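model the following, please.
(chains A and B)
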Amino acid sequence: MSTTEEPSLYAAREPIFPRRVKGKFRTLKWWLMAVMLGIYYLTPLIRWDRGPQMPDQAVLLDISSRRFFFFMIEIWPHEFYFVAGLLIMAGLGLFLFTSAAGRVWCGYACPQTVWTDLYILVERWIEGDRNARIRLHRQPWNWEKLIKNGIKWSIWLLIGLATGGAWVFYFTDAPTLFWNLIHGTAHPAAYITMAILTFTTFFFGGFAREQICIYACPWPRIQAAMMDEDTITIGYRDWRGEPRGKQSVAGNGDCIDCMACVNVCPMGIDIRNGQQLACITCGLCIDACDDIMDKIGKPRGLIGYLALTDEPLERAGKADLSIWRHILRPRTILYTVMWAGIGIGLIVALFLRANLDVSISPVRNPPFVVLSDGSIRNAFDMRLRNKHGEDRWFTFSATSGGDVTLALEGTEELRVLVKANETREQKLFVTAKAGTVAASAHHLPLRLWISDAEGTESSKAERVYKDTVFNGKDD
Amino acid sequence: MAKPIKEDPKDKVGTTGHSWDGIEELNNPLPRWWVWVFYLCILYALGYAIAYPAWPLIHGATPGLLHASTRLDVEKDIKAFDEMNAPIKAKLVAADLTAIEGDASLKAYALDAGKSIFATNCAPCHGAGAAGVQGKGYPNLLDNDWLYGGAIDAIHTTVTHGVRNTVDPEARNVGIYMPAWSDKATGALADVATAKLTDEQVGQAVNYVLKISGQTADEAKATAGTQIFTDNCAACHNPDGKGNRDMGSPNLTDAIWLYGGDEATLTQTIKFGRGGVMPSWGYAPEGSKPRLTEDEIRAVAVYVHSLGGGE
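A predicted model of the protein is given here:
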């Protein structure tokens, strides 16, 4: 198209038919794909014994009971900061990897990449490699094309169904849900979620593919800000390769313009054009080019991982900086420190959690009540959480600068039963006799102790306190 | 970097002509599927406008083919909710009043329901925290002093029939007031008084009450007030001043006051009388509905009983 001609405002998608490639990055990607798909599909099936009243699924996001289970860890709603912390760590981790090694997430771990890879594997298995697929694509619709596409789409749909199916298993007991799904008795939300995920997997992995990365995903834009000249990324050594052309012509570079790097690219780009938004750094062009270099007897690495600062060195005939010289720089160290700091904080918080947990909110409407004998009473709304796997009795005491007596609403005793793995709301009354320090002070610090009234020896000593304030009649 | 690039995209698609600090914008074509998504959105909007209420008319809007209405949805939800609660409401009404708090599920329901019923119906006078309003004589429901009793059935009766209202024949204390004792007072409350007191006599009575409630009092006036109290007040407030729940007459010896226990407020109370009114929540005149149904009254009674003063 020349510039004089009015260009079209719209462009159709150019179908991409990535050729099969062998090499170390392809092998690495097969392993990563197997591991990641394995984790995704199999995790909900892992069982974990937590006692008789508890779910035995190792990883369970039990939204209806408001509990997250992750092996030995159990997250209650008030501990959602663990989830927030993990998300922040995931974000910082992404920053770290991007600033150190470019779009490794996109190229190796992103579900869009992994599932598209899987879909292309199926496509290649049924329709053949690049040239066969191009031929099939160009030929008019006939039985061969219909049958091959039919089989391909069916397998894609099955993979999509398994993807949606595995997803819902994370939210409720997987074996139970499996039989419910088979018998048609599962909750509609499960079927709807599965249907949506089946469709999106089928469409994103089968048809949209690189369009998602280029047009729908915000990450390529954000990544530009994360990368700098020390970031390791995939590049074409044009100073070695150019001018490209026939080996037999004197003065030509190492690039023989065989298009192997373009043909294997799942994004349909030419890496020789330099760094570009559409490149997900999957490494397949490196494998393809290395293979060609081996065949024509040239050294590998015409396309390879390098940092922009390596270019002037290589042009001057010097050796690259070592990978660690590139990676270890203030920016990546800062990301690592932040990432590790949050991680250590979360782990410490995890081990400091008590099995007995309470939150206390003082009733402040009214701040105090005068009783008929003139004594002053404060009320406190307590929320007691028993994270043991068994029922527990809790008892209460107070320490303060003045004498106070405690009483519970609805019971004569000073102890309450909280069922296993449940939360109980309980009102606590704290009373100070007329004329005492507490009754006449404007307010007095009050420490409320909540302890396990009985139970196993090990937990007998278990008690927690909450600091609050006792309001007296200030006159 | 040398120019390894065979095709400069600038030659291929040109630029939009925008240039800032030498940075130009390529005039890349839009993916065609974006345009299709755009058309699909328009189609969706058209379909939505036909299926759902969309076009404003002078009164209301076009109803849409599906006749969707969030208002009807809410009505449906409320109906479903009421149906879901019907069994436990029936159980609450059938239960013995004193047994409700022993039944964990009934109590939990009653507390939740009672809390919201209280907030809607009772809080305007008794306050959101149920602490009442002293200056206005709206009782504090958190303390352990009750004019008519703080047991669950006493609270239930008070809520059901109210106090001194003119509609419910079973209302508490109809015709029973704290009279206006001052010889200068006029009106209905003055007519109830069996005797008229001078300002000096009122002052003496006030000091007597201050004394028996443990506050600082003028000893001479208080002694003079003893006889006045015996003659005029003891009939309702009892000779010891501890009140009488049958008549809703308050205990004058404790630390809790409905209108206030200071000298000025006591003087005002004795001179011009008191007679607070509480509406009847359970009484329904012929052909009308009570303000609260029996299950609601029971729920709110359980809630009030749980606030800290329950007997």
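
going forward, measure contacts and count neighbours with C-alpha atoms only.
Noted.

strands of the stretch 101-250 of chain B, residue ranges please.
Assigned by DSSP state E, counting those that start in this stretch, the stretch 101-250 of chain B shows no strands.

okay, now the unreliable bits of it?
For the stretch 101-250 of chain B, no stretch has pLDDT under 70.

strand partners of the strand ranked longest in chain B, parallel vs antiparallel please.
Assignment by DSSP state E gives strand B:15-20 as the longest strand of chain B. In the sheet, strand B:15-20 lines up against strand B:23-26 (antiparallel) (DSSP bridges).

quick revisit: flag every buried residue along the longest strand of chain B.
By 16 or more other CA atoms under 10 Å in any protein chain shown, the buried positions in strand B:15-20 come out as residue B:15.

let me see the mean pLDDT of it.
What strand B:15-20 shows for mean pLDDT is 87.

run the chain-centre distance for that strand.
Put simply, strand B:15-20 sits 66 Å off its chain's centre (CA atoms, centre = their mean, to the nearest Å).

now the closest residue to chain A within the stretch 101-250 of chain B. Its backbone dihedrals?
Among the residues of the stretch 101-250 of chain B, residue B:129 lies closest to chain A, at 4.9 Å counting by CA to the nearest CA. Per-residue torsions, residue B:129: phi -90, psi 10 (degrees, to the nearest 10).

related to what we said a few turns ago, who's in contact with the longest strand of chain B?
Strand B:15-20 has contacts (CA atoms under 8 Å, 6 or more residues apart in numbering or on different chains) with B:24-28.

circling back: tell me the contacts of the residue of the stretch 101-250 of chain B closest to chain A?
Applying CA under 8 Å, 6+ apart, the residues near residue B:129 are A:365-366, B:123.

pull out the buried members of the residues you listed.
By neighbour count, with 16+ other CA under 10 Å, the contacts of residue B:129 hold A:366, B:123 as buried.

now intersect the contacts of residue B:129 with the helices, please.
By the criterion of DSSP state H, membership of the contacts of residue B:129 in helices covers residue B:123.

looking at the contacts of residue B:129, which is nearest residue A:224?
Distance to residue A:224 across those (CA to CA) is lowest for residue A:365, with 54.4 Å.

what about that closest one, distance to chain B?
With the distance defined as CA to the nearest CA, to the nearest Å, residue A:365 ends up 5 Å from chain B.

do I have it right that that residue meets residue B:128?
Yes. Look at residue A:365 against residue B:128 with CA atoms under 8 Å: they come within range, at 7.5 Å.

quick one, strands of the stretch 251-400 of chain A?
So, for the stretch 251-400 of chain A - with DSSP E, counting those that start in this stretch - the strands run A:303-306, A:356-362, A:369-370, A:376-386, A:392-400.

tell me the domain boundaries of the chain?
The chain I'm using is chain A. For chain A, automatic domain parsing gives the domain ranges A:24-215, A:226-331, A:356-471.

look at chain B instead
Chain B breaks down into these domains under automatic domain parsing: B:90-169+B:283-305, B:188-272.

any idea how far apart the tips of the first one sit?
The first and last residues of domain B:90-169+B:283-305 sit 20 Å apart, counting by CA to CA, to the nearest Å.

next one: the shortest one
Start-to-end span of domain B:188-272 (CA to CA) is 10 Å.

quick one on the thing from earlier: looking at the strands of the stretch 251-400 of chain A, which is nearest to chain B?
Across the strands of the stretch 251-400 of chain A, the minimum distance to chain B, taken as CA to the nearest CA, is reached by strand A:369-370, at 6.2 Å.

mean confidence score for the closest one?
The average pLDDT for strand A:369-370 rounds to 92.

and for stretch A:100-112?
pLDDT averaged over stretch A:100-112 gives 93.

in it, what's buried?
Neighbour counts using 16+ other CA under 10 Å place A:100-109, A:111-112 of stretch A:100-112 among the buried residues.

residue 290 - nearest residue in space that isn't next to it in sequence?
No chain in the question, so chain A it is. In this structure, residue A:290 finds its nearest non-sequential neighbour in residue A:300, 5.0 Å apart by CA to CA, 6 or more residues apart in numbering or on different chains.

that's the wrong chain, I wanted chain B
In space, and not counting its chain neighbours, residue B:290 is closest to residue B:284: 4.4 Å by CA to CA, 6+ apart.

next: residue A:71.
Nearest residue to residue A:71, sequence neighbours excluded (CA to CA, 6+ apart): residue A:58, at 4.6 Å.

also residue B:176?
Nearest residue to residue B:176, sequence neighbours excluded (CA to CA, 6+ apart): residue B:247, at 7.2 Å.

what residues are up against residue A:293?
Counted by CA under 8 Å, 6+ apart, residue A:293 has contacts A:299-300, A:302.

whoops, I mixed them up, residue A:473
For residue A:473, the contact set (CA under 8 Å, 6+ apart) comprises A:368, A:376, A:439-442.

likewise residue A:360?
A:380-383, A:466.

who does it form a beta bridge with?
Beta bridges link residue A:360 to residue A:382, judged by DSSP bridges.

need the pLDDT of it.
For residue A:360, pLDDT reads 91.

identify the residues contacting stretch A:100-108?
Contacts with stretch A:100-108, where a contact means CA under 8 Å, 6+ apart, come from A:29, A:32, A:94, A:97-98, A:113-114, A:223, A:227, A:230-233, A:280-283, A:326-327, A:332.

get me the contact residues on chain B for chain A.
With the criterion set to CA under 8 Å from any CA of the partner chain, chain B comes near chain A through B:2, B:4-6, B:11-14, B:28-33, B:101, B:128-129, B:131, B:142-145, B:254-256, B:306-308.

and the residues you listed, which of them are in helices?
Mapping those onto helices (DSSP H) picks out B:11-13, B:32-33.

out of the residues you listed, who's nearest residue A:357?
Among these, residue B:33 lies closest to residue A:357 (CA to CA), at 54.1 Å.

tally of neighbours for the closest one?
Using other CA atoms under 10 Å in any protein chain shown, residue B:33 has 15 other residues around it.

residue A:472 now?
Using other CA under 10 Å: residue A:472 sits among 27 other residues.

before we move on, what about residue B:272?
Residues within reach of residue B:272, counting by other CA under 10 Å, total 20.

now do the one 10 residues further on
Other residues near residue B:282 number 21, with proximity taken as other CA under 10 Å.

check residue A:413 too.
Using other CA under 10 Å, residue A:413 has 10 other residues around it.

thinking again about what came up before, in CSV: the strands of the stretch 251-400 of chain A, plus distance to residue B:229.
Compiled in CSV, those are given as follows (distance: least, CA to CA, whole Å):
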stretch, distance to residue B:229
strand A:303-306, 103
strand A:356-362, 42
strand A:369-370, 26
strand A:376-386, 30
strand A:392-400, 43
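
okay, the ones you listed, which one's buried deepest?
Of all the strands of the stretch 251-400 of chain A, strand A:369-370 has the most neighbours on average by mean count of other CA atoms under 10 Å in any protein chain shown, namely a mean of 25.

what about that one and chain B, touching?
Yes. Applying CA under 8 Å from any CA, one finds strand A:369-370 in contact with chain B at A:369-370.

can you give the strand pairings for that strand, parallel or anti for each?
Paired strands of strand A:369-370, with direction, are strand A:376-386 (antiparallel) (DSSP bridges).

between strand A:392-400 and the partner strand, find me the angle.
Inter-element angle recorded for strand A:376-386 and strand A:392-400: 140 degrees (by axes from the mean of the first three to the mean of the last three CA atoms, to 10 degrees).

how far does strand A:376-386 sit from the chain's center?
Averaging C-alpha positions (CA atoms, centre = their mean) puts strand A:376-386 38 Å from its chain's average.

possible to save the domains of chain B as CSV with distance to residue A:118?
CSV is the format used below for the domains of chain B (distance: least, CA to CA, whole Å):
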stretch, distance to residue A:118
domain B:90-169+B:283-305, 53
domain B:188-272, 78
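
so where's the stretch 101-250 of chain A shaky on pLDDT?
Scanning the stretch 101-250 of chain A for pLDDT under 70 picks out nothing.

what are the boundaries of the helices in the stretch 51-200 of chain B?
In the stretch 51-200 of chain B, the helices defined using DSSP state H, counting those that start in this stretch lie at B:70-94, B:104-117, B:123-126, B:152-161, B:188-192, B:199-212.
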